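>>> Any chance you can model this:
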Amino acid sequence: MVTSIILTNSIFNTLKDISDRAYPYEACAFLVGKINGDTVIVRYADEVKNLDRSSVSFSVSSEDLLKVYENASSMNLDIVGIFHSHPYSKAYPSSKDLKYMSINQVPWVILSMLDYELRAFVCDEICLKELKVVIVD
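Residues are numbered from 1 along each chain as shown. Model prediction:
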């Protein structure tokens, strides 16, 4: 089971930029990289459009999702996480997030626009677990 997620300060800044551009709506991106044992290593964030244009939910087109998978595959990498922002709430999964997290059991990384707090979670049908977020230079 994954216990931590590592990303660079540059990727963290990219996530903040993506979120700032999407504001007042939720931003969304897929995190691409590799899983090494119990650690997710993020190599880059692939921004996608939020079709919902909502401050409390997001959805992604199948075309954007296919492009993300093709980009990752071309670099021999995997989709290792789902990122979205919370423009007006803390970095904690909403009830809707929890529903989809149990279906998409990769780490979900949430950035609160209130304070730029970044947190990561995984969820199965039974429980929610917070991951350690490590930001490196």
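
>>> hey, where'd the helices end up in the chain?
9-22, 62-74, 95-101 (DSSP state H).

>>> can you tell me the average pLDDT over stretch 81-100?
Stretch 81-100 carries an average pLDDT of 96.

>>> Can you tell me which of the helices of the chain is most buried?
For the helices of the chain, average neighbour numbers computed from mean count of other C-beta atoms under 10 Å are highest in helix 9-22, which has a mean of 16. Where C-beta positions appear, they are placed from N, C-alpha and C, glycine not excepted.

>>> all strands in the protein, in order from the N-terminus.
Under the criterion DSSP state E, the chain contains strands at 4-8, 28-36, 39-48, 78-86, 108-112, 118-123, 128-136.

>>> Output the contacting helices and strands for the first one.
When contacts are defined as 3 or more C-beta pairs under 8 Å, 6 or more residues apart in numbering; DSSP states H and E, strand 4-8 packs onto strand 39-48, strand 128-136.
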